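> Got a sequence here, can you build the structure:
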Amino acid sequence: MKIAISGKGGVGKTTILAMLAIRLRDLGGQVLVIDADSSPHMAQTLGVTEPEKIIPIAEMREMLIERSGKTDGSPFYNINPRVNDLMSRFMVEHEGMNLMVLGAIETGDSGCACAENTVLRRLLTTLLLKDNQYVLIDMEAGVEHLGRGTVAGVDHLLVVSLPSRSGIRTAKKIKKLATDVGIKNIHYLGNRVENTDDRDFLSQGLDQTPIAFFPDSARVRKLERKGEPTGKALEETVAEINRILTALSAFP
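Have a look, this model is predicted:
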């Protein structure tokens, strides 16, 4: 199963995805986490030591251009580049999970059909998974990634919103764009929810009830301020993580 997560900047999507990854691992799943945020923090959130030594795929610009078949000045590139060996070359293991970092892509003159995005999209869409294998993708904040179609091949998209008007506006826009690119299973998550009023505000604003509501966690803030992996806060949110898993299991 391939699961992506998105939302407005600062809504806590990286922490939620890290806790989901840990829970799936604890349940016996084989988990690959792909950090596709342009400002990647998943390694720190999971507690990977020396995360600065991880080489993001996007920094290997010459390799990406070669894989796409595009040469400088040429408008043409291969839409099906070879990506099979990227898994072993750029994947690191941490506590029974695997992590890949895509990193920032800076190609202002290439538009949405650039060589780099072609390679990365191919990487995500060609992964063939068994029943007990999971790919979790932490997307960049906002809606731009949906315009590039990078996550069009995922099975489920989780959209995180705070109980705020701006969070709801962004979440609904993400859902619309995700529907446009063909993602069938889109689910809302509420974060930093303190009471029934917050739940009702989100449900009414989103026009549907989120599949899980995460509390405003003092433990997450404490861990982050100490520089410790916020994924450790799983124990106090495991019920909400289980609700996500239950909802996702209802779909093929």
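
> Provide the strand pairings for the lengthiest strand in the chain, with the direction of each partner.
Ranked by residue count, the top strand of the chain under DSSP state E comes out as strand 185-193. Partners of strand 185-193 in the sheet, by DSSP bridges, are strand 156-161 (parallel), strand 212-215 (parallel).

> what's in contact with the helix or strand just after the last one?
Following the chain from strand 212-215 toward its C-terminal end, the next helix or strand by DSSP states H and E is helix 218-225. Under the contact criterion C-beta atoms under 8 Å, 6 or more residues apart in numbering, helix 218-225 has outside partners 12, 15, 229, 230, 232, 233, 236. Any C-beta I mention is one placed from the backbone N, CA and C, and that applies to glycine too.

> How far does helix 218-225 sit from its chain's centre?
21 Å (C-alpha atoms, centre = their mean, to the nearest Å).

> Packing partners of the helix or strand just after it?
Using DSSP H and E, the helix or strand that follows helix 218-225 in sequence is helix 238-248. When contacts are defined as 3 or more C-beta pairs under 8 Å, 6 or more residues apart in numbering; DSSP states H and E, helix 238-248 sits against helix 13-26, strand 185-193, strand 212-215.

> which residues of the protein fall in strands?
Under DSSP E, the chain gives strands at 2-7, 30-36, 92-94, 97-101, 133-139, 156-161, 185-193, 212-215.

> can you put those strands in a markdown table and add distance to residue 178, mean pLDDT and mean neighbour count?
Putting the strands of the chain into a markdown table (distance: least, C-beta to C-beta, whole Å; pLDDT from 0 to 100; neighbours: other C-beta atoms under 10 Å) gives the following:
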| stretch | distance to residue 178 | mean pLDDT | mean neighbour count |
| --- | --- | --- | --- |
| strand 2-7 | 8 | 92 | 25 |
| strand 30-36 | 15 | 89 | 23 |
| strand 92-94 | 29 | 85 | 13 |
| strand 97-101 | 22 | 88 | 22 |
| strand 133-139 | 10 | 90 | 23 |
| strand 156-161 | 5 | 95 | 26 |
| strand 185-193 | 5 | 95 | 23 |
| strand 212-215 | 18 | 94 | 22 |
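
> how about JSON lines for those strands, with distance to residue 201 added?
Listed next are the strands of the chain as JSON lines, based on distance: least, C-beta to C-beta, whole Å:
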{"stretch": "strand 2-7", "distance to residue 201": "16"}
{"stretch": "strand 30-36", "distance to residue 201": "30"}
{"stretch": "strand 92-94", "distance to residue 201": "37"}
{"stretch": "strand 97-101", "distance to residue 201": "34"}
{"stretch": "strand 133-139", "distance to residue 201": "25"}
{"stretch": "strand 156-161", "distance to residue 201": "10"}
{"stretch": "strand 185-193", "distance to residue 201": "9"}
{"stretch": "strand 212-215", "distance to residue 201": "11"}
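
> Of those strands, which is nearest residue 53?
Nearest of the strands of the chain to residue 53, taken as C-beta to C-beta: strand 92-94 at 8.8 Å.

> for the stretch 1-150 of the chain, which spans come out with low pLDDT?
Along the stretch 1-150 of the chain, the parts satisfying pLDDT under 70 run over 38, 58-88, 103-128, 142-150.

> before we move on, the earlier item: how about the strands of the chain, which one is nearest residue 248?
Of all the strands of the chain, strand 156-161 comes closest under C-beta to C-beta, at 5.5 Å.

> pull the CA atoms of that closest one into CSV?
The C-alpha trace of strand 156-161 is given here as CSV (Å, rounded to 0.1, in the frame of the first residue of the first chain):
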residue,chain,number,x,y,z
HIS,A,156,-4.4,6.8,-0.3
LEU,A,157,-3.8,10.5,0.4
LEU,A,158,-4.0,11.8,4.0
VAL,A,159,-4.7,15.5,4.2
VAL,A,160,-4.0,17.1,7.6
SER,A,161,-5.8,20.3,8.8
